[in-house]
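Engineer: With the input below, show me the fold.
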Amino acid sequence: MQTALIVGVSGIVGGNLADLLVAQGDWTVYGVARRPGNREGVLPVAVDLRDAAAVAAALKEVKPTHVFLATWLRQPTEAENIRVNAGMVRNVLDAVSAAKSVKHVALVTGLKHYLGPFEAYGKGALPATPFREEQERLPLENFYYAQEDEVFAAAARDGYGWSVHRPHTIIGHAVGNTMNMGTTLAVYASLCKELGKPMRFPGSSVQWNSLTDMTDARLLAKHLLWAATSPAARDEAFNVVNGDVFRWSWMWQRIADWFGVETEKLRGEGTPLEQQLVDAEPVWRQITAKHGLVESDLHVLASAWHTDADLGRPIEVVTDMSKSRRLGFTEYQATDESFFELFARLRAERLIP
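Structural biologist: Here you go, the predicted structure:
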């Protein structure tokens with residue numbers, strides 16, 4: 001029996017990983033978050049990761065064999081992102097150090113490793129696509145780098161293995177997640193359908209026309225489990241995407257067709273979702289009342305700022321998965337089906353009409 005400590009269990013990554021490990025049947029699973037909730041098969045640990053003493057107390061009796069770090073807190077500047085998010089990683093790894101039980105630590109970051117932090121996102125000199133793991137860090141402050149360095153230092157100190165996982169935009173089920181394109185687009189399409197308006201692409205012409213890819217949270221969970229239990233993956237950083245590529249000019253129409261909504265042809269650049277949804281809160285409340293939905297707060301479901309950032313990038317963003325394939329990870333997921341399965345679940349749970 002192995003023991004997993006999932007840090008960020010209430011999020012889109014941690015929640016899907018918890019589901020996978022519980023279904024495996026041979027894991028004891030602890031789930032850490034400020035509000036971890038009541039997830040079947042998961043032992044909840046409620047703590048503010050910024051408080052080192054509180055983290056040490058909360059994890060005193062937990063002896064994990066595997067630690068999965070899948071959380072962050074957005075701050076107003078990258079310097080603060082570094083201070084807070086690297087500090088949270090350090091607090092967790094210091095807290096579990098004394099037990100000497102840890103075999104592997106997995107850290108989830110993302111493509112801002114290659115694209116730069118929000119303050120300089122997709123600007124300046126960037127590595128060529130497709131992004132590959134051996135490409136050097138950008139000469140910029142980046143909290144992903146600081147988190148990695150905390151993991152590397154703790155692994156060297158305590159003698160366990162590590163892995164770093166860099167997904168592209170994640171599609172998956174999580175309510176209240178701050179970076180959730182799938183649910184955001186489901187809400188937007190539902191609003192368009194209710195109002196009889198076409199879906200207008202919110203991003204750049206480059207994203208509309210260029211190849212790209214995405215990451216299903218369920219595939220990411222499988223990747224985390226594979227790396228944590230495969231000797232070949234020890235002490236390695238990995239990109240992790242679904243395995244297909246597409247253009248948003250194709251995917252946008254696929255999503256609109258699922259909802260039965262018209263699309264508006266992109267002319268020039270798109271209109272950001274934050275602008276399109278500026279007056280949408282009362283409309284969403286009307287929709288929830290009309291259809292008996294369970295969440296009337298638009299901002300709990302939709303993170304327009306994040307979707308705008310991803311779809312507004314002025315460069316092609318596509319990722320190489322060859323390293324994982326060479327070392328034995330062969331899972332694949334069609335991205336349009338990822339969207340459709342998420343939409344169906346949101347509808348079944350009465351989060352969208």
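Engineer: Got the confidence number for the most centrally placed residue in the chain?
Structural biologist: Nearest to the geometric centre of the chain sits Ile170, at 4.5 Å (CA atoms, centre = their mean). On the pLDDT scale, Ile170 is placed at 94.
Engineer: so what's the backbone phi/psi at it?
Structural biologist: Backbone torsions for Ile170, taken as degrees, to the nearest 10, come to phi -100, psi 130.
Engineer: and it, bridged to which residues?
Structural biologist: For Ile170, the beta-bridge partners under DSSP bridges are Thr215.
Engineer: Next one: it relative to Leu342, how far apart?
Structural biologist: To Leu342, Ile170 is 11 Å away according to CB to CB, to the nearest Å. For glycine as for every other residue, the C-beta is placed from the backbone atoms N, C-alpha and C.
Engineer: Likewise for Phe201?
Structural biologist: For Phe201 relative to Leu342 (CB to CB), the value is 19 Å.
Engineer: ok, now Glu134?
Structural biologist: 32 Å.
Engineer: residues in contact with Val261?
Structural biologist: Neighbouring residues of Val261 by CB atoms under 8 Å, 6 or more residues apart in numbering: Ala189, Cys192, Lys193, Pro198, Met199.
Engineer: Could you double-check that the third one sits in contact with Gly260?
Structural biologist: What that stands for is Lys193. Yes: using CB atoms under 8 Å, Lys193 is in contact with Gly260, at 6.5 Å.
Engineer: Those two: which is more packed in?
Structural biologist: With neighbours defined as other CB atoms under 10 Å, Lys193 and Gly260 compare such that Lys193 has more, 18 against 8.
Engineer: And the strands in the stretch 201-350 of the chain, which stretches?
Structural biologist: Ranges of strands in the stretch 201-350 of the chain, per DSSP state E, counting those that start in this stretch, are 211-212, 215-216, 236-240, 246-247, 263-264.
Engineer: could I get stretch 163-170 in PDB with only the CA atoms?
Structural biologist: Only the C-alpha atoms of stretch 163-170 are listed here, as PDB (Å, rounded to 0.1, in the frame of the first residue of the first chain):
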ATOM      1  CA  SER A 163       9.400  14.600 -11.800                       C
ATOM      2  CA  VAL A 164       8.200  17.800 -13.300                       C
ATOM      3  CA  HIS A 165       5.100  17.900 -15.500                       C
ATOM      4  CA  ARG A 166       4.400  20.700 -17.900                       C
ATOM      5  CA  PRO A 167       0.900  20.500 -19.300                       C
ATOM      6  CA  HIS A 168      -0.600  22.900 -21.900                       C
ATOM      7  CA  THR A 169      -4.000  24.400 -21.200                       C
ATOM      8  CA  ILE A 170      -5.900  21.800 -19.000                       C
END
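Engineer: What residues of that stretch count as buried?
Structural biologist: Ser163, Val164, His165, Arg166, Pro167, His168, Thr169, Ile170 (16 or more other CB atoms under 10 Å).
Engineer: Scan this protein for its longest helix.
Structural biologist: helix 78-95 (DSSP state H).
Engineer: could you say what helices and strands it packs with?
Structural biologist: In terms of contacts (3 or more CB pairs under 8 Å, 6 or more residues apart in numbering; DSSP states H and E), helix 78-95 is packed against strand 2-7, helix 52-58, strand 66-69, helix 143-158.
Engineer: Show me which residues of that helix are buried.
Structural biologist: Counting neighbours by 16+ other CB under 10 Å, one finds that the buried residues in helix 78-95 are 78, 81-82, 84-95.
Engineer: ok now it, how far from the chain's centre?
Structural biologist: 18 Å (CA atoms, centre = their mean, to the nearest Å).
Engineer: Note down every partner strand of whichever helix or strand comes after that helix and its orientation.
Structural biologist: Note on helix 78-95: by DSSP states H and E, the next helix or strand toward the C-terminus is strand 104-108. Strand 104-108 sits in its sheet next to strand 66-69 (parallel), strand 161-167 (parallel), going by DSSP bridges.
Engineer: okay, those in TSV with distance to Ser296 and mean pLDDT next?
Structural biologist: Shown next, in TSV, are these (distance: least, CB to CB, whole Å; pLDDT from 0 to 100):
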stretch	distance to Ser296	mean pLDDT
strand 66-69	33	98
strand 161-167	30	98
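Engineer: Fine, thanks again, bye for now.
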